[in-house]
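Visitor: Coordinates for the following, if possible.
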Amino acid sequence: MTFELQQTDSLSQARTGIIHTDHGDIQTPIFMPVGTEATVKGVHTHELKDDIRAQIILGNTYHLYLRPGIDIIQKAGGLHKFNGFDRPMLTDSGGFQVFSLTNIRKLKEDGCEFRSHIDGSKHFFSPEKVIDIERAIGADIMMAFDECPPGTADYQYAKKSLQLTHSWLKRCFDRFNTTQPLYGYQQSLFPIVQGCTYKDLREESARYVTQFNADGYAIGGLAVGEPAEVMYEMIEVVNAILPLDRPRYLMGVGTPTNLLEAISRGVDMFDCVMPTRNGRNAMLFTSQGVMNMRNRKWQDDFTPIDEAGTSYVDRQYTKAYLHHLFKAKELLAMQIASIHNLAFYLELVRQARQHIEEGNFTAWKSQMIPLLQQRL
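Guide: Numbering: from 1, shown residues only. The predicted structure is shown next:
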């Protein structure tokens, strides 16, 4: 994988680039739909490719390891063959999921013992095992195994956690460098910068991960309850240290406003379950603000879902129809809302890229954010 930095905004750190992978190119800034269990919930592969125009999607190591199991994915020839998405993919290491199992996991120096949330069976993840699993899944971009401490962690806990993450990172790269891809194309491994909301720990982590000369770098452990301004400050701290010629991936973020603010601070890649999760709960993100499609005000509104929308669902269905589907608890409501929200997120980052190229990103962002935050 290589990264081609193209243009940087004159009034901010926003930039455009291209990530070249064996499964195709990714134009940045980019949003990555989350396909946790080998599917983006409620969305067909052809819709991801043709309508939403997703350039890359995610899978999750923890969930795929438990179900369907790595042996099934390997027999299929990797995740691309298993789910039919032939564009780039990224796998989260499962660290966030494992450590969210607070009451059913035991953290050790050599890894983490945990019980499945599905059947209670006992399992163990070490850095080496996670790399082996990610090799078998076959994503173009693999994430290092880390501990994701809670956002409320005190300084001593955060520091101890960071030391463990850094120790595991070295072991991840040792395993990565002594193994080979299984399916005939190259894979890249990204370290994850941690350190909670402590500036010195974030700086320490950013400096530590750069010594691995990775193809890209991730920023983890944010958007976990801290104020947005604190998150933005941590992004600035980290991006001042990470190399300019590698992509920066902000994990698990976030709202449309979060995306634009992070892009202005030099972030290139994003993922978040919010477009699909909120969509399934009748919340739509649009060019004019946020809509709750269960609200009575939409029941006789026969205008398109989003008149500025780029998805076929925006052109084909009205607000009144989608309101009816949600009130009737029809499954199609969740599918339409998910497609719309994902298409909206992808269009938003495409527009961000366009305005960076045109040299007016900062002015455009200032106009967009008040609109995006409106409740309609």
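Visitor: what separates stretch 36-52 from the chain centre, distance-wise?
Guide: For stretch 36-52, the distance from its own C-alpha centre to the chain's C-alpha centre is 15 Å (CA atoms, centre = their mean, to the nearest Å).
Visitor: Likewise for stretch 185-204?
Guide: Relative to its chain's centre, stretch 185-204 lies at 15 Å (CA atoms, centre = their mean).
Visitor: Just the buried residues of that stretch, please?
Guide: Within stretch 185-204, the residues that count as buried by 16 or more other CB atoms under 10 Å are 187-198, 201-204. Placement of C-beta: from N, CA and C, glycine included.
Visitor: ditto for stretch 46-55
Guide: Along stretch 46-55, these residues count as buried under the neighbour rule (16+ other CB under 10 Å): 47-49, 51-52, 54-55.
Visitor: Repeat that for stretch 124-141.
Guide: Applying a neighbour-count criterion of 16+ other CB under 10 Å, one finds 125-141 buried in stretch 124-141.
Visitor: Could you measure from the closest residue to residue 179 other than its chain neighbours over to residue 187?
Guide: Distances taken as CB to CB, 6 or more residues apart in numbering place residue 135 nearest to residue 179, at 5.8 Å, with adjacent residues excluded. Note on residue 135: its distance to residue 187, by CB to CB, to the nearest Å, is 7 Å.
Visitor: Show me whatever sits in contact with both of these two.
Guide: Residues touching both residue 135 and residue 187 by CB atoms under 8 Å, 6 or more residues apart in numbering: 142, 181.
Visitor: which one's the longest helix in the protein?
Guide: In the chain, taking DSSP state H as the definition, the longest helix is helix 331-358.
Visitor: Okay, buried residues for the following helix or strand past it please.
Guide: Downstream of helix 331-358, the first helix or strand assigned by DSSP states H and E is helix 361-372. Residues of helix 361-372 classed as buried under the neighbour-count rule (16+ other CB under 10 Å) are 361, 364-365, 368, 372.
Visitor: Neighbours of residue 308, how many?
Guide: Residues near residue 308, counting by other CB atoms under 10 Å, number 11.
Visitor: Let me fix that, I meant to ask about residue 331.
Guide: Residue 331: 10 neighbours (other CB under 10 Å).
Visitor: State the pLDDT value of the residue nearest to it when sequence neighbours are not counted.
Guide: Sequence neighbours aside, residue 42 is the residue nearest to residue 331 in space, at 7.8 Å (criterion: CB to CB, 6+ apart). For residue 42, the pLDDT comes out at 94.
Visitor: Quick check, residue 42 in contact with residue 276.
Guide: Yes - Residue 42 lies in contact with residue 276 (CB atoms under 8 Å); the separation is 6.9 Å.
Visitor: before we move on, the earlier item: now, among the buried residues of stretch 46-55, which is nearest to residue 9?
Guide: Of all these, residue 55 has the smallest distance to residue 9: 21.0 Å, by CB to CB.
Visitor: so who does the closest one touch?
Guide: Residues near residue 55 by CB under 8 Å, 6+ apart: 24-27, 30, 87-88.
Visitor: which residue sits farthest out from the middle of this protein?
Guide: Going by CA atoms, centre = their mean, the residue of the chain most distant from its centre is residue 300, 35.9 Å out.
Visitor: Let me know whether that residue touches residue 320 as I believe.
Guide: Yes - counting by CB under 8 Å, residue 300 touches residue 320, with 5.7 Å between them.
Visitor: Excluding covalently adjacent residues, which one is nearest to residue 86?
Guide: residue 80 (5.8 Å).
Visitor: burial count for that neighbour?
Guide: 22.
Visitor: ok, now how distant is it from residue 39?
Guide: For residue 80 relative to residue 39 (CB to CB), the value is 13 Å.
Visitor: How about residue 45?
Guide: In this view, residue 45 and residue 39 are 9 Å apart by CB to CB.
Visitor: Repeat that for residue 92.
Guide: Per CB to CB, residue 92 is found 15 Å from residue 39.
Visitor: Who has more neighbours out of the two?
Guide: Ranked by neighbour count (other CB under 10 Å), residue 92 and residue 39 place residue 92 first, with 27 against 16.
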